[in-house]
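Asker: 3D, please:
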Amino acid sequence: MGCICSYGPNKQGGKDPTDGDKNAKIRPLPEPTDGKTVDPTYLKKEVVAFTAKLNIAHSTPYHQGALKLVDVVTNEGNGYSPETGHFVCPLKGLYFFTVHMSVAGRAHCEIYKNGESVTTLYDTSHPHDCSQVATISTIVELKEKDKVWVNLWGHGRHEIIATEDNDTVFVGFYLGYILLLDIHRYIRPDIPTAMDLEDYFSTGRVAFTAKLCTDHSRPKNPGPMKFSMVQLNEGSSFNGESGVFTCPRDGVYYFAVNASIYGRGHCAIYKNGEKVASLYHANSGDDRCTQVASMSSVLKLAKKDEVWIQVFGSRYDILATEDNDTVFTGFLLG
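Answerer: Model (predicted):
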């Protein structure tokens, strides 16, 4: 999946074709010696992943623009900068990002890519003396040097908090296969052995991010939610009109839904008509406000299995507005 790889020595004691440069990108495979397959080698992917937290001193920021989460927990690949709050892509490919925002009052933030909003989150906690956690996630395709960050929207006080017991966290990682596998598992005799492995692995990518459009806000009927604003659909397995993901290949998959709710919302992740993980969130009454509720699951799927988000119950106060996104995301783990 567009990964940075290095080769180990082959069984004949051959030289590492990357000439010892662990950051070299995959090169075309050498011609096989037996006429069928290349010599057995091993692939190891460079990891690109980070976790950063808001520092207590930066709690309830007043500024507009990038939120600087300076307490870096993990920064594999050195793509995240605590000085700017930006993740600068070191390796082209697909990336998953999520922000978990502790809120005590009102807060509005967005995940930005190169200055453009990808997905937005607005959350209000009532009563105002309580704290809640709101989450938003997305998958984006990046080129080297593309930038992604958490952006604060609007002027004035943002009641995003960081305390000893409440963390606000920004997480991102590269969606490549974590490979330490014999090359024979992937290269068949009928595949040209001199092809570029980067192109070969890219054909197996399966990932999608889709948002509820404003026309489908507060769905009127139970059943699959139609996430028709499809932002990314690697593998072409998600159908925005039906809201259903159809598995293109056997494997283990991750799915998540971030639902903006004003009132009561009840939905669940479904697999082949069976409920897997359910979410119910209510903020009704005089203190009704917009809040974000999230649910996720890892599922083992066979080809043609179907996964979707289904609403049920008597009220469907799940929103999609200019400032409130409801997002369905999924990707192949391996």
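Asker: state the helix or strand in which Val72 lies.
Answerer: Element membership of Val72, judged by DSSP states H and E, is strand 71-76.
Asker: gap between that strand and the chain center?
Answerer: Relative to its chain's centre, strand 71-76 lies at 18 Å (C-alpha atoms, centre = their mean, to the nearest Å).
Asker: stretch 326-334 now?
Answerer: Counting by C-alpha atoms, centre = their mean, stretch 326-334 comes out at 6 Å from the chain centroid.
Asker: same question for stretch 88-103.
Answerer: The gap between where stretch 88-103 is centred and where its chain is centred comes out at 7 Å by C-alpha atoms, centre = their mean.
Asker: so what's the closest residue to Ala302 other than its chain neighbours up against?
Answerer: Excluding its sequence neighbours, the residue lying closest to Ala302 (C-beta to C-beta, 6 or more residues apart in numbering) is Asp250, at 5.3 Å. C-betas here are computed from N, CA, C, even on glycine. Asp250 is in contact with 301-303, counting by C-beta atoms under 8 Å, 6 or more residues apart in numbering.
Asker: go ahead and confirm Ser260 touches Asp325.
Answerer: Yes. Using C-beta atoms under 8 Å, Ser260 is in contact with Asp325, at 6.4 Å.
Asker: so the two - more neighbours on which side?
Answerer: The neighbour count for Ser260 versus Asp325, taken as other C-beta atoms under 10 Å, is higher for Ser260 (28 against 25).
Asker: measure the more buried one to Leu232 for me?
Answerer: As defined by C-beta to C-beta, to the nearest Å, Ser260 lies at a distance of 20 Å from Leu232.
Asker: do Phe245 as well
Answerer: From Phe245 over to Leu232 the distance is 13 Å, taken as C-beta to C-beta.
Asker: got it, and Arg106?
Answerer: According to C-beta to C-beta, Arg106 and Leu232 sit 30 Å apart.
Asker: can you get me a residue count around Tyr62?
Answerer: Here the count is done by other C-beta under 10 Å, and Tyr62 has 9 residues near it.
Asker: when you give positions from now on, start the count at 45
Answerer: Fine by me, first position is 45 from now on; the one you just mentioned is Tyr106.
Asker: isn't it right next to Leu196, touching?
Answerer: No. If you go by C-beta under 8 Å, Tyr106 and Leu196 don't touch, sitting 9.1 Å apart.
Asker: give me the common contacts of the two.
Answerer: Common neighbours of Tyr106 and Leu196 (C-beta under 8 Å, 6+ apart) are His202.
Asker: and the strands in the stretch 95-244 of the chain, which stretches?
Answerer: Listed in chain order, the strands of the stretch 95-244 of the chain (DSSP state E, counting those that start in this stretch) span 109-110, 115-120, 124-125, 130-132, 137-147, 150-157, 160-168, 176-186, 191-196, 213-218.
Asker: equivalent analysis for the stretch 245-378 of the chain, please.
Answerer: Applying DSSP E, counting those that start in this stretch to the stretch 245-378 of the chain gives strands spanning 251-255, 267-268, 273-278, 282-283, 288-290, 295-306, 308-315, 318-326, 334-345, 350-355, 362-363, 371-376.
Asker: the second one pairs with which strands?
Answerer: Here the strand partners of strand 267-268, with direction, are listed using DSSP bridges: strand 350-355 (antiparallel).
Asker: re the thing from before, where do the contact lists of Phe289 and Leu276 overlap?
Answerer: Phe252.
Asker: the two: who's more crowded?
Answerer: Neighbour count, other C-beta under 10 Å: between Phe289 and Leu276, Phe289 has more, with 26 against 17.
Asker: ok, that one - contacts?
Answerer: With contacts defined as C-beta under 8 Å, 6+ apart, Phe289 is in contact with 252, 281-283, 299, 350-352, 374.
Asker: could you identify the most distant pair in those residues?
Answerer: Spatial extent of the contacts of Phe289 (C-beta to C-beta) is set by the pair Asn283 and Phe299 at 14.8 Å.
Asker: the more surrounded of those two?
Answerer: Counted by other C-beta under 10 Å, Asn283 and Phe299 do not tie: Phe299 has more neighbours, with 23 against 20.
Asker: what's the burial count for Glu188?
Answerer: 10.
Asker: and the residue nearest the centre of this structure?
Answerer: With distances taken as C-alpha atoms, centre = their mean, Phe140 lies nearest the centre of the chain, 2.8 Å away.
Asker: I'd guessed Ile353 sits against Pro266; true?
Answerer: No. Using C-beta under 8 Å, Ile353 makes no contact with Pro266, being 11.7 Å away.
Asker: quick one, which of those two is more surrounded?
Answerer: Under the criterion of other C-beta under 10 Å, the comparison of Ile353 against Pro266 puts Ile353 first, with 27 against 14.
Asker: and for the more buried one, nearest residue in space, chain neighbours not counted?
Answerer: Nearest-residue entry for Ile353: Met269, 4.7 Å, with adjacent residues in sequence omitted and distances by C-beta to C-beta, 6+ apart.
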